[in-house]
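**Student:** Show me the folded form of this:
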Amino acid sequence: MTALLIDPADTDAVVFDMDGVVTRTARVHAAAWKRLFDDFLRKRSRRDGTPFRPFDAEEDYLPLVDGKPREDGVRDFLASRGITLPRGDPGDPPDADTVWGLGNRKNGYFLEAVTEHGADPWTDAVRFIGRLHEHRIATAIISASDNVDQVLAAAGVASLFAVEVTGLDAEELRLPGKPDPAVFLEAAHRLGARPCRAAVVEDALAGVQAGRAGGFGLVVGVDRTGPRSGHAASLARNGADVVVRSLDEIGVGPGQSNT
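**Tutor:** As a prediction, the model looks like this:
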């Protein structure tokens with residue numbers, strides 16, 4: 001069933017989030033975050049007697065961590081538990097109990113999993129991008145991750161995107177993380193597309209918030225969590241114009257715009 005039809009006369013570019021939309025790595029990220037925080041919280045519990053409450057891969061990951069730069073995810077999750085750590089520096093070692101240290105530790109866990117198991121693409125995303133390219137609609141990919149090149153190469157989809165805006169780019173250009181729209185606007189700018197004639201495809205709440213704040217012509221939410229999670233409704237509340245379970249639900253063709 002087609003939920004949305006995009007007319008190339010109205011849309012010049014589509015900007016995709018990577019994890020969970022193009023690559024099947026959202027679960028790998030969630031598992032790495034859980035490993036990080038459960039270990040940190042257990043040690044804290046043993047040290048000061050604080051009751052141990054584990055990190056929840058849905059209730060904590062989706063609203064507090066998903067789609068954000070690592071340091072923001074660390075800070076926001078710890079704040080939800082009433083914990084404050086020194087910010088530290090980007091070069092902090094992974095065993096440092098600082099925001100950057102925990103973020104670097106999580107990154108190590110993630111890379112370890114990708115190295116061991118690889119990364120697979122979402123085949124519906126590959127098909128959708130193919131339809132866009134058939135109609136000469138440009139595509140870019142963004143991610144808060146520093147590991148975009150490794151993940152795209154492992155998934156075999158690097159050639160699908162004319163532009164990448166990564167966590168390293170954001171750091172160099174001092175672009176704030178989502179829900180600020182800066183990374184999406186940078187991607188559209190590099191493609192030569194005005195936001196009002198571009199679309200954003202996101203699975204994170206912070207991502208659809210960013211797309212809406214950036215004035216993009218279309219914000220598509222992708223819910224891969226299943227109907228019982230309530231994530232689709234959350235995506236709609238936070239700025240998605242339409243929410244799909246699969247990118248196969250989106251058609252592309254002349255005279256068929258819903259944007």
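**Student:** Show the contacting residues for residue 105.
**Tutor:** For residue 105, the contact set (Cβ atoms under 8 Å, 6 or more residues apart in numbering) comprises 36, 94-95. C-beta here means a position set from N, CA and C on the backbone, and glycine is covered the same way.
**Student:** scratch that, residue 62
**Tutor:** Contacts of residue 62 (Cβ under 8 Å, 6+ apart): 204-205, 225, 231, 234.
**Student:** Top of those residues by number of neighbours, please.
**Tutor:** The most crowded member of these, judged by other Cβ atoms under 10 Å, is residue 204 (28 neighbours).
**Student:** Let me see the ranges of the strands in the stretch 151-259 of the chain.
**Tutor:** Assigned strands in the stretch 151-259 of the chain, in chain order: 163-165, 198-202, 218-222, 242-244, 250-252 (criterion: DSSP state E, counting those that start in this stretch).
**Student:** who wins for proximity to residue 59 among the ones you listed?
**Tutor:** strand 218-222 (18.8 Å; Cβ to Cβ).
**Student:** buried sites along that closest one?
**Tutor:** Buried residues in strand 218-222, counting neighbours by 16 or more other Cβ atoms under 10 Å, are found at 218-222.
**Student:** Mind putting those residues into a markdown table with pLDDT?
**Tutor:** Output for the buried residues of strand 218-222, formatted as a markdown table (pLDDT from 0 to 100):
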| residue | pLDDT |
| --- | --- |
| 218 | 97 |
| 219 | 98 |
| 220 | 98 |
| 221 | 97 |
| 222 | 97 |
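**Student:** from the residues you listed, which is closest to residue 104?
**Tutor:** Distance to residue 104, by Cβ to Cβ, is smallest for residue 222 among the buried residues of strand 218-222, at 28.6 Å.
**Student:** residues in contact with the closest one?
**Tutor:** Counting by Cβ under 8 Å, 6+ apart, residue 222 has contacts 20-21, 201-203, 235, 243-245, 247.
**Student:** Among these, name the buried ones.
**Tutor:** The neighbour count (16+ other Cβ under 10 Å) marks 20-21, 201-203, 235, 243-244, 247 as buried among these.
**Student:** Tabulate those residues (TSV), appending pLDDT.
**Tutor:** Below are the buried ones among the contacts of residue 222 laid out as TSV (pLDDT from 0 to 100):
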residue	pLDDT
20	91
21	96
201	98
202	97
203	95
235	96
243	96
244	96
247	97
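**Student:** what ranges do the helices span in the stretch 51-200 of the chain?
**Tutor:** For the stretch 51-200 of the chain, helices defined by DSSP state H, counting those that start in this stretch occupy the ranges 70-80, 99-117, 123-134, 148-155, 167-173, 182-191.
**Student:** and this protein, what are its domains?
**Tutor:** 4-24+119-252, 27-117 (automatic domain parsing).
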